[in-house]
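Chemist: sequence first, predicted coordinates after that:
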Amino acid sequence: MSRHDAVDPIAWILPSSLHRPAILYTIRLLSTLLGRSAVITTPDKSHTSGHPHVHYSDQPASADDDFNIPCDIEFWKTAEQGIFVTPRQTAEWNGATVPVWNLALAYDVPDVVAAAFFHVSRLEELARTERDRHGRYQASNSWLIRAGLIERPVVHDYAHAIATALGLQKRPGSMWPDDQPFAVALTHDIDRLRMHGEWQHELRHLSGQLLRGSGLGLIGRQLASRRRTERGQQTDPYETIDLLARQHQEHGFSATFYWIAAEPSALDSDYVVSHDDTAKLIRSLQDDGFETALHGSYNSYLSTDMLAAEREILSRVVHTSVKSTRQHYLRFAAARTWRAQCDAGLKTDSSLGFAERAGFRAGLAVPFQPWSFADNRPYDLWEVPLVLMDVTLKEYMHFDIDDAIEKSRKIIETLQAYGAGAAILWHNSSLNELDWRGWDRVYDDWLGNIRRLDGWGTSVGQMVDAWQRHTESLGN
């Protein structure tokens, strides 16, 4: 058993030359993941001898009880300028797989502080120009995917490796309200309210189904469904929002609903948020305790003006200031999108996930403030990692229902194992019984597993508020 108390802070001892904003930011983040305060000092100043110590330097530790992490200063010199250098190899240390740039530092303890910043800052995304047809960074270029680590929150592994080296508990206690062991932000992007709207959209949808190999039987069922809907014999297959709300309420969960506030278009929505019926639906959900958030339109991800205008439209509908967003189609450009969102007055985003793969795009499974290379400090915005999405499982990973359930359970159980908190996404349209027949089992399993594991099913806004309180309580 460690001689250190479970709530002891960690004393990080750095030469003054390493008291750089990006390094201090990363040290505080790693300490927060361990539920501990970071006391950052220099070797020439006294520090409380009872605290566990980490020397972060290229010099040996000065005392038997101290632990030294060699600093890869050359990495920091390039990283601080937003310059990406490909890791040269990996090192295994205390259960963590760590990217290494300076091979001379790989033989003993790798620089996990540099590795954590590499992932969280999305440095690799700033450098690569390859994009998919929606302008998104391609998952296949991710170091974590190439290393086979996308389904592990590796930055947590780095923090745990430090705890192991110091003889500390990996996590002294719950980081969430009421000692709940982990948290899941339940989210719903409302891309379209109706399957059977304008013929132009429906024909495009049917063409997409044919290209994906759907049989003529599905096309026939969809056309028959349209006729029944037009005759008033059934509700539109996408009208599932009340069902989603009831499911959450039955479990005692909250959720976030993302609404597109731009004008209807082929790439955006088929509704206008200010029209009576839609506005009434949005306000009703908010009155029931669900969070209203902006689903930034397709072309807004680089535009402060568009995001600000859409945010204002939605805020007027709900008579309160909308602070949360997620970009439509997960169109996202590291640094540029965060800057546009901040300048538009938004405080929380949950776009940081790969459409093609489930997992932890930034190696993190808690809310965090992204790093601004231009300002040399964190953005005034919280990012809630998106780790699981319905469309990822069915359309990108091509899972059947049973495989989707298995993969989803693995992701949710990972959140539970790390005491973490991240977002998952289910579209209202994915509960329709035509092209998503039987997939309601998958979403039922998501909710059931969160409840079975005693998780906190919540909204993005509530998760961020709770995490901010946790961080501030530690002084980090």
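Modeler: Sure, I can see it.
Chemist: how about the strands in the stretch 301-450 of the chain?
Modeler: 324-327, 348-349, 371-372, 377-378, 382-383, 386-389, 421-425 (DSSP state E, counting those that start in this stretch).
Chemist: partners of the third one in the sheet?
Modeler: Same thing as strand 371-372. strand 377-378 (antiparallel) (DSSP bridges).
Chemist: state the mean pLDDT of the strand it pairs with.
Modeler: The pLDDT scores in strand 377-378 average 98.
Chemist: can you give me the helices for the stretch 301-450 of the chain?
Modeler: 304-318, 336-343, 390-391, 401-418, 440-452 (DSSP state H, counting those that start in this stretch).
Chemist: report the angle between the second one and helix 304-318.
Modeler: By that I understand helix 336-343. 50 degrees (axes from the mean of the first three to the mean of the last three Cα atoms, to 10 degrees).
Chemist: what number of residues lie near Asp108?
Modeler: 10 (other Cβ atoms under 10 Å). Where you see a C-beta, it was placed from the backbone N, CA and C, and this is true even at glycine.
Chemist: what about it, which SS state?
Modeler: Counting by DSSP: H, G, I helix; E, B strand; the rest coil, the backbone at Asp108 sits in coil.
Chemist: excluding chain neighbours, what is closest to it?
Modeler: Pro70 (7.4 Å; Cβ to Cβ, 6 or more residues apart in numbering).
Chemist: Tyr443 and Asp390 touch, don't they?
Modeler: Yes. The criterion here is Cβ atoms under 8 Å, and Tyr443 meets it with Asp390 at 7.3 Å.
Chemist: overlap in contacts of those two?
Modeler: Residues touching both Tyr443 and Asp390 (Cβ atoms under 8 Å, 6 or more residues apart in numbering): Trp426, Ser430.
Chemist: who are the contact partners of the most centrally placed residue in the chain?
Modeler: By Cα atoms, centre = their mean, the chain has its centre lying nearest to Pro385, at 0.6 Å. For Pro385, the contacting residues are Ser350, Leu352, Gly353, Phe360, Arg361, Ala362, Leu364, Ala365, Val366, Pro367, Ala422, Ala423, by Cβ under 8 Å, 6+ apart.
Chemist: check Gly82 too.
Modeler: Counting by Cβ under 8 Å, 6+ apart, Gly82 has contacts Leu123, Leu126, Ala127, Ala335, Phe373.
Chemist: one step back: measure the residue nearest to Asp108 to Gly82 for me?
Modeler: 23 Å (Cβ to Cβ, to the nearest Å).
Chemist: same thing with Leu166?
Modeler: For Leu166, the distance to Gly82 - Cβ to Cβ - is 32 Å.
Chemist: coming back round to it: got a markdown table for the helices of the stretch 301-450 of the chain, with mean pLDDT, mean neighbour count and distance to His119 too?
Modeler: Listed next are the helices of the stretch 301-450 of the chain as a markdown table, based on pLDDT from 0 to 100; neighbours: other Cβ atoms under 10 Å; distance: least, Cβ to Cβ, whole Å:
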| stretch | mean pLDDT | mean neighbour count | distance to His119 |
| --- | --- | --- | --- |
| helix 304-318 | 98 | 19 | 26 |
| helix 336-343 | 98 | 21 | 16 |
| helix 390-391 | 98 | 21 | 24 |
| helix 401-418 | 98 | 18 | 15 |
| helix 440-452 | 97 | 18 | 26 |
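Chemist: which one, of the ones you listed, ends up nearest to Val154?
Modeler: helix 401-418 (10.7 Å; Cβ to Cβ).
Chemist: any weak-confidence spans in the stretch 51-200 of the chain?
Modeler: For the stretch 51-200 of the chain, residues meeting the criterion pLDDT under 70 lie at 60-66, 105-107, 199-200.
Chemist: ok, now with 80
Modeler: 58-66, 103-107, 128, 171-172, 195-200 (pLDDT under 80).
Chemist: quick one: the strands in it?
Modeler: Under DSSP E, counting those that start in this stretch, the stretch 51-200 of the chain gives strands at 53-56, 67-69, 89-93, 96-100, 183-190.
Chemist: neighbours of Val184, how many?
Modeler: With other Cβ under 10 Å as criterion, Val184 counts 28.
Chemist: state the distance from it to Arg451.
Modeler: Distance from Val184 to Arg451, by Cβ to Cβ: 10 Å.
Chemist: could you list the domains of this protein?
Modeler: 10-166, 177-195+236-474, 198-234 (automatic domain parsing).
Chemist: determine which stretch of the ones you listed is the most buried.
Modeler: domain 177-195+236-474 (a mean of 20; mean count of other Cβ atoms under 10 Å).
Chemist: check the offset of it from the chain's centre.
Modeler: 9 Å (Cα atoms, centre = their mean, to the nearest Å).
Chemist: could you do stretch 147-166 as well?
Modeler: With Cα atoms, centre = their mean, you get 17 Å for stretch 147-166.
Chemist: so what does the helix or strand containing Ile23 touch, helix or strand wise?
Modeler: According to DSSP states H and E, Ile23 maps onto helix 21-33. Applying 3 or more Cβ pairs under 8 Å, 6 or more residues apart in numbering; DSSP states H and E, we find helix 21-33 packed against strand 10-13, strand 38-41, helix 73-79, helix 112-120, helix 154-166, strand 377-378, helix 460-474.
Chemist: could you rerun that using 6 Å?
Modeler: strand 38-41, helix 112-120, helix 154-166 (3 or more Cβ pairs under 6 Å, 6 or more residues apart in numbering; DSSP states H and E).
Chemist: which other residues reach the longest one?
Modeler: The list of residues contacting helix 154-166 from outside it, by Cβ atoms under 6 Å, 6 or more residues apart in numbering, reads 30, 33-34, 52, 67, 93-94, 96, 112, 116, 119, 170, 363-364, 418.
Chemist: that one versus strand 89-93: what angle between them?
Modeler: Using the same axes, to 10 degrees: helix 154-166 against strand 89-93 is 50 degrees.
Chemist: give me phi/psi at the residue nearest to the centre of the chain?
Modeler: Dihedral angles of Pro385 (phi, psi; degrees, to the nearest 10) stand at phi -60, psi 140.
Chemist: from Ala355, how far off is the residue nearest to Gly353 when sequence neighbours are not counted?
Modeler: Once flanking residues are discounted, Gly353 sits nearest to Leu386: 3.0 Å by Cβ to Cβ, 6+ apart. Between Leu386 and Ala355 the computed distance is 10 Å (Cβ to Cβ).
Chemist: and for the two, which residues touch both?
Modeler: With Cβ under 6 Å, 6+ apart as the test, Leu386 and Ala355 reach no residue in common.
Chemist: Gly457 contacts Phe253, correct?
Modeler: Yes. Under the contact definition of Cβ atoms under 6 Å, Gly457 touches Phe253, with a separation of 3.0 Å.
Chemist: overlap in contacts, the two.
Modeler: Leu186.
Chemist: can you verify my assumption that Ala355 contacts Arg331?
Modeler: No. Using Cβ under 6 Å, Ala355 is not in contact with Arg331; the gap is 9.7 Å.
Chemist: follow-up on the earlier one: show me which of the contacts of Pro385 is closest to His248.
Modeler: Ala423 (14.2 Å).
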